[in-house]
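Asker: Just need the structure, nothing else, for what follows:
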Amino acid sequence: MEILAISLALVLFATAGLQIWRWLDNRHAARVWRNLAAQADASPPEFHPSMVQGLPEPARRFLLFTIAPGSPIRTVAEVEMTGQISLGTKENPNYMPMHARQILAPPQGLVWALDAGQGAMRIQGSDGFDGATSWTRFWLLGTVPVVRAGAGADHARAAFGRMVAEAVFWAPASLLPRNGVKWEALSESLARATVTANGMVQTVDVRIAEDGRPVEVVIPRWTNANPEKLYREQPFGGYLAAFTQFEGYRLPTRVEGGNLVGTEDYFPFYKAEVSVIRFVGGH
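Answerer: All right, here's what the predicted structure looks like:
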C-alpha cells in the first residue's frame with residue numbers, strides 16, 4: 001500500500017507540474033498577443049492610390065485590388081479559421097480537423113493558437129514570434145507536450161518568413177512602401193517584396209492575376225522541414241482564393257499551403273477556411 005500511495009503521489013505531482021507548464025505556455029502566448037495588438041496605430045492614415053503610384057505595375061495592381069481607397073491603413077489583423085491540418089506526409093497525410101485563432105502584426109510578430117484533431121488525438125497549442133524570439137508548442141490532450149521548438153536564431157528566421165508570407169494574405173497594408181518594403185517586378189504577373197526588420201531580411205514572391213488578385217505566394221523559407229532535418233532555404237507557400245471584403249480590404253478566405261510549393265514534392269499540410277478577419281486599431 002505504501003508503494004502504491006507513493007506512486008499515486010508521484011503521478012499527481014507530475015500531472016500538476018505538466019498543467020502548470022501548460023498554463024505558463026498559454027500565459028506567454030496571451031501576453032505576446034496583447035503586446036502585438038497594442039502595436040496597432042490608434043489613428044491610422046487613410047489609404048490613397050497615390051501611395052503606390054511609383055511601384056512596379058504588378059505590385060501596384062495587387063495593392064489597389066486589396067486596399068480600397070479611403071480605408072484606414074491597418075497592419076494588425078485578428079483571424080479566425082477552420083479547416084484541416086496534417087502532421088503526416090504527402091503519401092499518408094491523415095488530415096485532422098482544426099480551428100485556429102491568429103493575430104498577425106507584420107513585422108512585429110504573430111501568434112497562431114491551434115485546436116486540432118479530436119478524441120485521443122486532440123492537439124492544442126501555439127506558434128508565435130514576437131520580433132526577437134519564436135516558439136512552437138503543442139500538447140496532446142492538454143497534458144502531454146508533443147512538440148516544443150524555438151528560442152533559437154534558426155527558428156526565429158523561419159517564423160519571420162512565415163509572418164511575411166501571411167502578410168500578403170491578411171495584412172497587405174503592412175507591405176506598403178511607406179513601411180520600408182521594397183517591391184520589384186519579376187514579370188507582368190509576378191512581384192517580389194523585400195521586408196527588412198528585426199535584423200532579418202525576407203523576400204516574398206506574389207503571383208498576381210490581371211484584376212490584381214494575389215493567387216500564389218512563395219518565399220524561400222529558412223526551415224528544417226526536410227528528411228535531413230537541416231536548416232536551409234526551401235520554397236514555402238501556397239494558393240489563395242475566395243476573396244471577401246473585410247473593413248475595406250479584399251482578402252482571401254480559402255488558403256492552402258506547405259513546403260516545396262511549385263515542385264513535385266509540394267504537400268499542402270495546411271488548408272484553411274477563414275470565417276472572421278478583424279483589424280485592430282483606429283477606424
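
Asker: after the lowest-mean-pLDDT helix or strand in the chain, next one along is what?
Answerer: Counting by mean pLDDT, DSSP states H and E, the chain has its least confident helix or strand at helix 2-37, which shows a mean of 79. Next helix or strand after helix 2-37 toward the C-terminus (DSSP states H and E): helix 57-66.

Asker: Dump the next helix or strand after that next one to PDB, restricted to CA.
Answerer: The helix or strand immediately downstream of helix 57-66 is strand 77-85, counting by DSSP H and E. Coordinates of the C-alpha atoms in strand 77-85 are reproduced here as PDB (Å, rounded to 0.1, in the frame of the first residue of the first chain):
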ATOM      1  CA  ALA A  77      -5.300  41.700 -38.000                       C
ATOM      2  CA  GLU A  78      -7.100  39.000 -35.900                       C
ATOM      3  CA  VAL A  79      -8.100  36.000 -37.900                       C
ATOM      4  CA  GLU A  80     -10.400  33.000 -37.100                       C
ATOM      5  CA  MET A  81     -10.300  29.900 -39.300                       C
ATOM      6  CA  THR A  82     -11.300  26.300 -39.600                       C
ATOM      7  CA  GLY A  83     -10.100  23.600 -41.900                       C
ATOM      8  CA  GLN A  84      -7.600  20.800 -42.000                       C
ATOM      9  CA  ILE A  85      -4.000  20.300 -40.900                       C
END
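
Asker: by contact count, what packs against strand 77-85?
Answerer: The helices and strands touching strand 77-85, judged by 3 or more C-beta pairs under 8 Å, 6 or more residues apart in numbering; DSSP states H and E, are strand 96-105, strand 267-279. No exception for glycine: its C-beta is placed from N, CA and C like everyone else's.

Asker: Tell me what angle it forms with strand 96-105.
Answerer: If you take axes from the mean of the first three to the mean of the last three C-alpha atoms, to 10 degrees, strand 77-85 sits at 160 degrees to strand 96-105.

Asker: looking at the helices and strands packed on strand 77-85, which is closest to Thr66?
Answerer: Of all these, strand 267-279 sits nearest to Thr66, with 12.1 Å by C-beta to C-beta.
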